[in-house]
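Trainee: from the sequence below, what's the structure:
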Amino acid sequence: MDYQRSYSMRGPFITLLAITLSAQLFGQTSDQPAKLRLGQSYEQAGDFENALQIYRQLYSSDTTNAIHFENLRRVLMVLKRYDEAELLINERLIRFPVDVNLRNMLANVCYKAGNEPQAFAEWDKALGIELSNPNAYRIVAATMMENRLLDKTAETYRLARVRCNDPNLYTLDLAQILVTSLNYKEATREYVHWLKANPNQLGNVQSRMIVISGKEEGRSAAIEVLNEEIRSDDRIPFQRLLAWLYLEGRQYEEAFTVYRRIDRMSNANGAEIHGFADRAFKDGSFAVAAQAFKEAINKPVHIQLMPFSKYGYASALKGLHTLPDSSAGPARFVNASETQTQYAPVISAFREIITSYPRTEFAARSYYQIAVLQYEKLHDLDGALASFASAESEFSGAGGMRYDIELRMAEVLTAKGDTIQSVAKYRGVASASVATPDQQDEATYRLAELAFFNGRFQEALASLNTITVNLAADYANDALQFLSFLQENTATAEPALREFGRAAFLARQRKTGEAIQHFRSILTQYRNAPLADDALLTIASLQTQTHQFTDAVASYEQLLTDFKENCNTCDKAQFGIAEVFQFGTGQKDKAIVAYEKLLADYPHSLFATTARKRVRELRGDTL
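Mentor: Residues are numbered from 1 along each chain as shown. Alright, predicted model coming up:
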């Protein structure tokens, strides 16, 4: 059927050509090349019946011609005239009784005709013609595979190994078949067998085992096989394959154990452990990354790797302290009462790098990380600015990091209420020719925010329009939403928008109480403004951030009640209620009810997928 379809699109031109040739040639039967072209043109046009007539005539005129035989056999198979095809092949077998290809063709015809016993008998005969010829087994196996006879194909490859006295024959072919058959253990054994003979082909093996490693049952089977193999043969390629499987399953502790062995066996002096730590850190497994970096430092790792290991260790510690516990939920639910003591080990680790590697990029990056902690976690704005300034002085290069520092310094200045200096810094980044497009877009977006805070709406709109030109940019989606918000409200409720900007600026300075009061005044004075529900949503968000959970739920519920007839943020409010119950007050039953209400009332919400997942998690369902 597929064969027929592939020719059906060749169109009327070929058919017309065939008809023309037919008219010219039916009286010229001796012109075999022309007749052959005619038959081929019919076949290409999908007219297999007429092609069959031509090929029959050609074959009858010369039954020894292999081309005429193959053309006739092929079209008979397309038309599923298996009886005639079987007779044709048997006739040729009389002339060539020890032709493996012919015997394999006969088996294929019998199988497609439904005569399986005869097909298997013919395949056995084919394999008995040249017992020690590997190609004979490949020919038969390919046809069996075409007919989806996976077990028989595997059996044929194994038979080839025995008869050809070569245990390495068809290893990768057999492994692929076993994977298709979901026999992951045997497939892994074949890959291990191949890796044993080709120890430099680990990457090739890994790429072929992606199908196995991507499934939990496949990965578990493969790990079991590797552990069995390593008990008797612990060479490094097998260790690396085992470690890779653990990493694919995010089993970092187990992978770390293997990398310790690899490091010891290869006399790497911590280099292998450092490499593993780097991978674990990038994957967000900060605890094991910190442990591994520390171990590499204590080896000690080579002097050239040491600053990387130390910076990696400090960064992993930062990740551990700043990543909320899964039970705490999103960052806004984490208690904001962090102290200098909590972050002392992290800051100390970064300061040790500054002392050990002054005037280097490692020192600059360490100052940068300290500054981020001071700003985001400790709200030490002056300390953050000083640390960012130190990062800037330590960093001798241009571009990249320098503009990241400028962007973060501007952010801190905004939080301090110093919009004049923050605007100057953002403009410097936005106009810097060597800044990255993302850095320029971020600076432009922040300039739009500052203009909004100060009531300069047209200036804000102009800035946002420059970002939305490229919809693939990182800030394009945020810019579009902000642009839509400004356009809607400048046209219908500019006084309310002005108050909203002032309140948002207070929130940015973490003057939460004052910000909430300003947002509430918007609800009193401009209740019918399009942004009224946004004001109430922002109040609920600020209350959540300051752990006023009862008030936050009340604000969310007020939004759902007061604005239910015309609300663009109702699904977000319902999701907020569910999160407060789950992560804020720890009331799981209420959280489930709230998530289910979201799914019932707003089935097409962007939060629906997350809500379904969390309901399953709260119920303890198997994910």
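Trainee: and residue 168, which of the three is it?
Mentor: Under DSSP: H, G, I helix; E, B strand; the rest coil, the three-state class of residue 168 is coil.
Trainee: let me fix that: residue 566
Mentor: Here residue 566 is coil, with the state taken from three-state DSSP.
Trainee: what's the distance between it and residue 43?
Mentor: Residue 566 sits at a distance of 66 Å from residue 43 (criterion: C-beta to C-beta, to the nearest Å). No exception for glycine: its C-beta is placed from N, CA and C like everyone else's.
Trainee: likewise residue 432?
Mentor: Plainly put, residue 432 is 65 Å away from residue 43 if you go by C-beta to C-beta.
Trainee: with neighbour numbers in mind, choose between the two.
Mentor: Taking neighbours as other C-beta atoms under 10 Å, residue 432 and residue 43 compare with residue 43 leading, 24 against 17.
Trainee: find the nearest non-adjacent residue to that one, please.
Mentor: Distances taken as C-beta to C-beta, 6 or more residues apart in numbering put residue 51 closest to residue 43, at 4.1 Å, once the chain neighbours are dropped.
Trainee: which SSE is the one you found in?
Mentor: Element membership for residue 51, per DSSP states H and E: helix 48-61.
Trainee: gap between that helix and the chain center?
Mentor: Here the centre of helix 48-61 is set off from its chain's centre by 53 Å, with C-alpha atoms, centre = their mean, to the nearest Å.
Trainee: which is the next helix or strand following that helix?
Mentor: Toward the C-terminus, helix 48-61 is succeeded by helix 66-78 as the next helix or strand (DSSP H and E).
Trainee: quick revisit: average pLDDT for the helix holding residue 51?
Mentor: Helix 48-61 carries an average pLDDT of 94.
Trainee: what does stretch 594-607 give?
Mentor: Rounded mean pLDDT across stretch 594-607 is 95.
Trainee: endpoints of that stretch, how far apart?
Mentor: End-to-end distance of stretch 594-607 (C-alpha to C-alpha, to the nearest Å): 12 Å.
Trainee: what's the offset of that stretch from the middle of its chain?
Mentor: 26 Å.
Trainee: in that stretch, what's buried?
Mentor: Within stretch 594-607, the residues scored as buried using 16 or more other C-beta atoms under 10 Å are 594, 595, 597, 598, 599, 602, 605, 607.
Trainee: and the contacts of the helix or strand that contains the third one?
Mentor: In other words, residue 597. For residue 597, the host element (DSSP H and E) is helix 588-601. Residues outside helix 588-601 that contact it (C-beta atoms under 8 Å, 6 or more residues apart in numbering) are 570-571, 574-575, 577-579, 581-582, 605, 607-608, 611-612, 614-615, 618-619.
Trainee: and what of stretch 515-525?
Mentor: Applying C-beta under 8 Å, 6+ apart, the contact partners of stretch 515-525 are 496, 499-500, 502-504, 506-507, 529, 531-532, 535-536, 538-539, 542-543.
Trainee: so where's this protein shaky on pLDDT?
Mentor: 1-30, 323-329, 331-339, 397-399, 622-623 (pLDDT under 70).
Trainee: now the residue at minimal distance from the centre of the chain, nearest residue through space, not along the chain?
Mentor: Geometric centre of the chain, nearest residue: residue 214, 11.7 Å, by C-alpha atoms, centre = their mean. The spatial neighbour of residue 214 that comes closest, neighbours along the chain excluded (C-beta to C-beta, 6+ apart), is residue 248 at 7.4 Å.
Trainee: ok so, going back, for the residue nearest to residue 43, give me its contacts.
Mentor: 39, 40, 42, 43, 75.
Trainee: can I get those in JSON lines including distance to residue 306 and secondary structure?
Mentor: Shown next, in JSON lines, are the contacts of residue 51 (distance: C-beta to C-beta, whole Å; DSSP: H, G, I helix; E, B strand; the rest coil):
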{"residue": "39", "distance to residue 306": "75", "secondary structure": "helix"}
{"residue": "40", "distance to residue 306": "71", "secondary structure": "helix"}
{"residue": "42", "distance to residue 306": "75", "secondary structure": "helix"}
{"residue": "43", "distance to residue 306": "71", "secondary structure": "helix"}
{"residue": "75", "distance to residue 306": "72", "secondary structure": "helix"}
